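1. Pasting the sequence and the predicted coordinates here, then a few questions.
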Amino acid sequence: MFEGWDAVVLARAQFAFTMSFHIVFPAFSIGLASYLAVLEALWLWTGRKVFINLFNYWLKIFAVAFGMGVVSGIVMSYQFGTNWSAFSDKTGPVIGPLMAYEVLTAFFLEAGFLGVMLFGLERVGHKLHFLATLMVAIGTLFSAFWILSSNSWMQTPAGYAINADGQFVAADWLQVIFNPSFPYRLVHMVLAAYLTTALVVGAVGAYHLLRDQHLAGPRVMFSMAMWMATLVAPIQILAGDQHGLNTLEHQPTKIMAMEGHYESHKDGAPLILFGLPDQAAGKVKYALEIPKLGSLILKHSPDAPMAGLDTVPRENWPPVPITFWSFRIMVGLGFLIMGLGLISLWMRWRGKLYEFRPLHLFAMAMGPAGFIAVLAGWITTETGRQPFTVYGLLRTVESASPLAAPAVGSSLIIFIIVYFAVFTTGVIYLLRLMAAPPHPGEQGPSHDAPARAAGITPAAGVVVEGAAR
């Protein structure tokens, strides 16, 4: 069936497909674990039942999303041995220990305290339970730390040497871990996870407010989500700008692809807003651009020269159309998220945060925006470094296993069938959980599971607290 196909292209497609499914779950669980810690802390501090009701409500959703993230992540590691064995052999002395550190810190921390977090609220004491919740939240951040350190090293390799067998080995572990792009990527990804979670929480809160403006739980979750969008979205845009400047310094070819700069500009580069990149012709057709703004943003001078892809050998060009458009999707969604936050701030000031239906509809429409932005950012990052797996040092075609195309293609088809069957079911179940509002006396997974198994749905109710505003 796949005779005549390129095995490397199929291996890349398989990794991209499985990664696209996987990345949305950690992005959600990282933010949701921290949100749960905040809710439990507010409950312990204030004693207000609305916070523990929201905690138990989102805890069930977290449990499902966390499990889906773990399952989808396990498959990723197998591909390093099946489709990318050459990459594993050459980078294993560096990447392997970083992955081991992630297991020894993040995974053990999450696994050790997750059971207590899910089932121990009435068994271990409230303060000890809060400690478990906090440890799970910290564990998710540790996981992001090590995974992003590993990926960032592949983007901006540092602190390495190459031994006699052609393998990358660590010469300075601090430089390997804290490579030049790592701090920017870590901040950018963690903020993206928090915004992704805030948009989901805000969308769920808006959905229930559209049905009943007086529900205390949705009022609180919607207010908290809008504060996150208001305060963090501008910070994320600033962090993205700093990340871009770092990328210009260490991966200039990626910036050329993101900006659509096929040609060099000696007296200031334009900012190309939209257009159709033509890889073969080496130009952006029908470009809508603002003169000199590109140089002003990237080099803080409108007349600063900017090199283009005409200075790079064509065999080292990234796939510009993909990188160009995924970058614009990410940035565009970032400004929409900031717009949502600013509108909510205006409505909050006017005292209409829970009554202004257009805001609620906007928040519902933006519910998936965080996931789309995370995917677009990942696509920008990974396609922009092509044709290398270790930027400038190890090419993608040199990293693949010596497999025939039919073997890779067959496993890709199996992945597509299984992933859509399993994860579509999981997402539908998550949406069903979100469709019911949090109610008085909301119970966590340990109490709710037997009732749901017996077909019993807890009665919905309304809690109106004067401070829920």
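-> Yep, it's here.

2. Tell me the pLDDT of G4.
-> Looking at G4, its pLDDT reads 67.

3. S152 now?
-> 96.

4. who touches it in this structure?
-> Contacts for S152 were tallied using CB atoms under 8 Å, 6 or more residues apart in numbering; they are 179, 181-182, 185-186. Bear in mind the C-beta positions are built from the backbone N, C-alpha and C, glycine included.

5. Same check on F51?
-> With the criterion set at CB under 8 Å, 6+ apart, F51 makes contact with 39-40, 42-43, 220.

6. residue boundaries of the strands in the stretch 301-450 of the chain?
-> Assigned strands in the stretch 301-450 of the chain, in chain order: 388-390, 394-395 (criterion: DSSP state E, counting those that start in this stretch).

7. Need the winner for burial among those strands.
-> strand 388-390 (a mean of 22; mean count of other CB atoms under 10 Å).

8. Residues touching that strand, excluding its own?
-> Strand 388-390 is contacted by residues 84, 87, 90-91, 154, 157, 168, 394-396, 399 when judged by CB under 8 Å, 6+ apart.

9. Take these and lay them out in a markdown table including distance to A287.
-> Below are these laid out as a markdown table (distance: CB to CB, whole Å):
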| residue | distance to A287 |
| --- | --- |
| W84 | 36 |
| F87 | 36 |
| K90 | 39 |
| T91 | 38 |
| M154 | 31 |
| P157 | 34 |
| F168 | 39 |
| L394 | 34 |
| R395 | 30 |
| T396 | 29 |
| S399 | 34 |
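
10. what are the ranges of the strands in the stretch 101-250 of the chain?
-> 160-162, 168-170.

11. Could you report the pLDDT at the residue of the chain positioned farthest from its centre?
-> Distance to the chain centre peaks in the chain at A164, reaching 37.5 Å (criterion: CA atoms, centre = their mean). pLDDT, A164: 89.

12. Need phi/psi at it.
-> When read as degrees, to the nearest 10, the backbone of A164 gives phi -70, psi -20.

13. What about the closest residue to S77 other than its chain neighbours, how many residues nearby?
-> Nearest residue to S77, sequence neighbours excluded (CB to CB, 6 or more residues apart in numbering): M99, at 7.7 Å. By other CB atoms under 10 Å, 15 other residues sit near M99.

14. Tell me if I'm right that M99 and S150 touch.
-> Yes - with contact defined as CB atoms under 8 Å, M99 reaches S150; the gap is 6.6 Å.

15. Including distance to L403 and mean pLDDT, could the strands of the stretch 301-450 of the chain go into CSV?
-> Listed next are the strands of the stretch 301-450 of the chain as CSV, based on distance: least, CB to CB, whole Å; pLDDT from 0 to 100:
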stretch, distance to L403, mean pLDDT
strand 388-390, 16, 95
strand 394-395, 17, 94
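
16. on that earlier part again, let me know which of the strands of the stretch 101-250 of the chain is tucked in deepest.
-> On a mean-neighbour basis (criterion: mean count of other CB under 10 Å), the most buried of the strands of the stretch 101-250 of the chain is strand 168-170, at a mean of 18.

17. Quick one: list the elements packing against it.
-> helix 85-102, strand 160-162 (3 or more CB pairs under 8 Å, 6 or more residues apart in numbering; DSSP states H and E).

18. so which of the ones you listed is the most packed in?
-> Most buried among the helices and strands packed on strand 168-170, counting by mean count of other CB under 10 Å: helix 85-102, with a mean of 18.

19. what's the offset of that one from the middle of its chain?
-> Mean C-alpha position of helix 85-102 versus that of the full chain (CA atoms, centre = their mean, to the nearest Å) differs by 22 Å.

20. can you tell me the average pLDDT over that helix?
-> Averaging pLDDT along helix 85-102 yields 92.

21. Export it to CSV, keeping only CA atoms.
-> The C-alpha coordinates for helix 85-102 follow below in CSV (Å, rounded to 0.1, in the frame of the first residue of the first chain):
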residue,chain,number,x,y,z
SER,A,85,16.5,4.7,16.6
ALA,A,86,19.4,6.6,14.9
PHE,A,87,18.4,9.7,16.8
SER,A,88,18.2,7.7,20.0
ASP,A,89,21.7,6.3,19.5
LYS,A,90,23.3,9.6,18.7
THR,A,91,21.6,11.8,21.3
GLY,A,92,20.8,9.1,24.0
PRO,A,93,23.7,10.1,26.3
VAL,A,94,22.1,13.6,26.5
ILE,A,95,18.4,13.1,26.0
GLY,A,96,18.2,9.8,28.0
PRO,A,97,19.3,11.3,31.4
LEU,A,98,17.0,14.3,30.9
MET,A,99,14.1,11.9,30.4
ALA,A,100,15.2,9.9,33.4
TYR,A,101,15.3,13.0,35.6
GLU,A,102,11.7,13.7,34.5
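
22. Tell me the helices and strands packed up against that helix.
-> helix 49-82, helix 126-155, strand 168-170, helix 173-177, strand 388-390, strand 394-395.

23. Can you tell me which helices and strands the helix or strand hosting I30 packs against?
-> For I30, the element it lies in under DSSP states H and E is helix 7-46. Under the contact definition 3+ CB pairs under 8 Å, 6+ apart, helix 7-46 sits against helix 49-82, helix 126-155, helix 182-211, helix 369-384, helix 405-435.

24. what would these look like in a markdown table with distance to N246?
-> Listed next are these as a markdown table, based on distance: least, CB to CB, whole Å:
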| stretch | distance to N246 |
| --- | --- |
| helix 49-82 | 26 |
| helix 126-155 | 10 |
| helix 182-211 | 5 |
| helix 369-384 | 12 |
| helix 405-435 | 34 |
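
25. So for I290, which of those sits nearest?
-> helix 369-384 (20.6 Å; CB to CB).

26. So L42 versus H265, what's the distance?
-> 52 Å (CB to CB, to the nearest Å).

27. for V187, same thing?
-> Distance, V187 to H265, using CB to CB: 30 Å.

28. swap in V38?
-> 47 Å.

29. out of the two, which sits in the more crowded spot?
-> H265 (18 against 15).

30. Could you pull up the residues touching G202?
-> By CB under 8 Å, 6+ apart, G202 lies in contact with 221-222, 225-226, 229, 340, 363, 366-367.

31. Tell me, what's the model's pLDDT at the closest residue to M338 other than its chain neighbours?
-> Residue nearest to M338 in three dimensions, not counting chain neighbours: A233, with 3.9 Å by CB to CB, 6+ apart. According to the prediction, A233 has pLDDT 95.

32. If anything else comes up later, I'll come back, but that's it for now.
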